[in-house]
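# here's my sequence, what's the structure:
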Amino acid sequence: MSPIKNRGAGKPIPITSQSIPHAATATLASGKTYPVLPLDLASDIQQFVESDYAKRYFSTHRTGFIFRRKVPVAQMMTWQRVPLTSPLLTLNRSLKQDAVKIFKVVQHIMGDRERDRPAGIPVHNGSTCSLPFSGSLGLLEEERWLISEGLAHGELRDEIYCQLMKQLTGNPNPESVFKGWQMLCVLLTAFPPSKNFETYLRSFMHQHTSHSESRVDVMAKYCLRRLAAISKRGPRGKPPSVAEIETAADAAFNPSTFGESLDATMRLQERNYPNEKIPIILPFLADGILALGGTKCEGIFRVPGDSDLVSELKLRIDRGYYTLENVDDPHVLASLLKLWLRELCDPLVPEELYNDCITAAPDPPTCVALMRKLPTINRRVILFIVSFLQLFLEERVLANTKMTAANMALVMAPNLLRCSSESMTVVFTNAQFEQMFVYNLLVHLKCNEVDEDYVPVHGRGASAPTSPKPRVSKSRNRR
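Predicted coordinates for the structure are as follows:
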């Protein structure tokens, strides 16, 4: 039955998974594995994609005073010390000067260019106004300006990625190469390339997964995973803070508490919390919500917390500081809890069980029974989340929060299940069955009877059992 007919019949639309058989794999420092193309195949694809993409999107560059020879794409996409005089890609006229300025910033951040005079670049300071470019402007603020340009002008995103790839190709300075790949790690947390450019960028990264010099292989593997994530999630709403940029640049060597797989997260906390059976961030945030009076807050889990406070707390946790200092709003913790779930590398309900869940959604006993099919860590995280949310379904709490089981399922379903289809028809059709599945878990799941080795406990306090040592950067200083 077609998706349209399924939607009209009130049935979920199963997702067809596409996998690459017998694909080689590579492993990140965090332990995450992913398929990697053989080098010869990646090279062939790179050449084909480059030629095909170049025909349609690269602008024409010429050299020479008399004959004005056309510059080959391979030469255009090779490192150069001198500034660009025009964009690499075909852009609207109004953005051409911005593209030229961006290239100077890329050169400056990578250390390929000395900034000896003001370049006329405004710095966005989080308000509606801009500050004039000054000699005291740091590299991180320049990078923040560059990211803000990509967020404000979608057409510039491919140009930014293209310029960075150019400066990473044939670059004679290992230090510059390292800084360039760090910058790529940051860009991939802010906005994705276009679908047309995505294959080109992915092929470029694949080719560098075996380059050990300057630790490029580590960063290339990390960037491949970030590319897959940002392509699904889309661009962020506003430029990252300077602290967020620093953290993102270092993430290939210091895996984040956010955006990792559950297995990697458990390995990261094993030294400090060897006896914990779930990621420590979950009881920290959940107990913090209770401690700050979340059971008395109307719209808890529905009303968003202040975005700046959420980002600040996220960075604090990423650096190993589990403390609620200066946080007094439970909505901030609730928003961060949902963000952690949403940014997991893999969904809590694995893709191979997604169809079973949406198909079983109308039948509560089957929904409950599916919990036993989940991987151990996934099952325990869901048991913790569901048992925590069930605290908010008591009548005395509902009178304050107004968050019924149906309301809670509506806001939490997208954080527990992910529809991998790119069809909006499929996404919207399945959303109601995702909510129905979560609703049945909230109402019918007895969380203390599913896993004999794990029973969720809440209210132990909002502080971590011990204070871990602050994380120390393993990469080079970018300042």
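# switch to C-alpha atoms for all contacts and neighbour counts from now on
Noted.
# could you pull out the strands for this structure?
Counting by DSSP state E, one finds strands in the chain at the ranges 24-27, 33-36, 62-63, 69-70, 123-124, 130-131.
# quick one: low-confidence parts of the stretch 51-200 of the chain?
By pLDDT under 70, the weakly predicted segments of the stretch 51-200 of the chain are 51-73, 115-137.
# how about the helices in it?
For the stretch 51-200 of the chain, the helices defined by DSSP state H, counting those that start in this stretch cover 73-76, 93-110, 139-152, 155-168, 174-187, 195-207.
# could those go into TSV alongside mean neighbour count?
Below are the helices of the stretch 51-200 of the chain laid out as TSV (neighbours: other CA atoms under 10 Å):
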stretch	mean neighbour count
helix 73-76	14
helix 93-110	19
helix 139-152	21
helix 155-168	22
helix 174-187	22
helix 195-207	19
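# can I get the ones you listed in CSV with distance to Lys277?
As requested, these are exported to CSV (distance: least, CA to CA, whole Å):
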stretch, distance to Lys277
helix 73-76, 52
helix 93-110, 42
helix 139-152, 38
helix 155-168, 40
helix 174-187, 30
helix 195-207, 35
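# nearest to Glu449, out of these?
helix 174-187 (42.8 Å; CA to CA).
# can you list the residues that contact that closest one?
Defining contact as CA atoms under 8 Å, 6 or more residues apart in numbering, one finds that helix 174-187 is touched by 109-112, 147, 161, 164, 167-168, 171, 213-216, 219-220, 222-223, 226, 245, 248-252, 478.
# which of those residues count as buried?
109-112, 147, 161, 164, 167-168, 171, 214-216, 219-220, 222-223, 226, 245, 248-252, 478 (16 or more other CA atoms under 10 Å).
# correct me if wrong: Gly288 contacts Ala334.
No: judged on CA atoms under 8 Å, Gly288 makes no contact with Ala334 at a distance of 9.1 Å.
# mind checking how far Pro214 is from Leu168?
Quick fix: residue 214 is Ser, not Pro. Ser214 sits 12 Å away from Leu168, going by CA to CA, to the nearest Å.
# also Leu309?
When Leu309 is compared with Leu168 (using CA to CA), they lie 36 Å apart.
# now Glu270
Taking CA to CA as the measure, Glu270 falls 36 Å from Leu168.
# repeat that for Met371.
In terms of CA to CA, Met371 sits 47 Å off from Leu168.
# give me the neighbour count for Val82.
Neighbour count of Val82, defined by other CA atoms under 10 Å: 11.
# what's the answer for the one 3 residues further on, then?
A count of nearby residues for Thr85, using other CA under 10 Å, gives 13.
# my guess is it contacts Val100. True?
Yes: counting by CA under 8 Å, Thr85 does reach Val100; the two are 6.4 Å apart.
# longest helix of this structure?
Determined from DSSP state H, the single longest helix within the chain is helix 424-444.
# so Arg460 makes contact with Gly288?
No: the criterion here is CA under 8 Å, and Arg460 misses it with Gly288 at 9.5 Å.
# what residues are up against the nearest residue to Val438 once chain neighbours are set aside?
Closest residue in space to Val438, ignoring its immediate chain neighbours: Ala409 at 5.4 Å, by CA to CA, 6 or more residues apart in numbering. Going by CA under 8 Å, 6+ apart, Ala409 touches Gln435, Met436, Val438, Tyr439, Leu442.
# neighbour-wise, which one of those residues leads?
Val438 (30 neighbours).
# any idea how far that residue is from Asn378?
15 Å.
# give the burial count for Leu416, as a bare number.
Applying other CA under 10 Å, I find that Leu416 has 20 neighbouring residues.
# who are the contact partners of it?
With CA under 8 Å, 6+ apart as the criterion, the residues that contact Leu416 are Leu341, Arg342, Pro347, Leu348, Val349, Ile382.
# inside helices: which ones of these?
Leu341, Arg342, Ile382.
# what's in contact with stretch 420-435?
With contacts defined as CA under 8 Å, 6+ apart, stretch 420-435 is touched by 3-4, 7, 11-13, 15, 357-359, 361-362, 406, 409-410, 412-414, 417, 419.
# give the buried residues for that stretch.
For stretch 420-435, by 16+ other CA under 10 Å, it's Val426, Val427, Thr429, Asn430, Ala431, Gln432, Phe433, Glu434, Gln435.
# ok, now stretch 384-397?
Buried residues in stretch 384-397 (16+ other CA under 10 Å): Phe384, Ile385, Val386, Ser387, Phe388, Leu389, Gln390, Phe392, Leu393, Val397.
# tell me how far the nearest residue to the last one once chain neighbours are set aside lies from Lys179.
This points to Val397. Nearest residue to Val397 in three dimensions, chain neighbours excluded: Thr295, at 5.7 Å (CA to CA, 6+ apart). To Lys179, Thr295 is 46 Å away according to CA to CA.
# thinking again about what came up before, how far off centre is the longest helix of the chain?
Averaging C-alpha positions (CA atoms, centre = their mean, to the nearest Å) puts helix 424-444 24 Å from its chain's average.
# now that helix: average pLDDT?
Per-residue pLDDT over helix 424-444 has a mean of 95.
# check stretch 405-414 too.
96.
# work out the gap between that stretch and the centre of the chain.
22 Å.
# Trp340 and Phe258 touch, don't they?
Yes: contact criterion CA under 8 Å: Trp340 and Phe258 qualify, at 5.7 Å.
# shared neighbours, these two?
Common neighbours of Trp340 and Phe258 (CA under 8 Å, 6+ apart) do not exist.
# measure Leu370 to Val443 for me?
15 Å.
# Arg460 and Gly288 - which one has more neighbours?
A side-by-side neighbour count of Arg460 and Gly288, using other CA under 10 Å, places Gly288 first with 25 against 15.
# my read: Arg144 touches Ala243, true?
No: the criterion here is CA under 8 Å, and Arg144 misses it with Ala243 at 10.5 Å.
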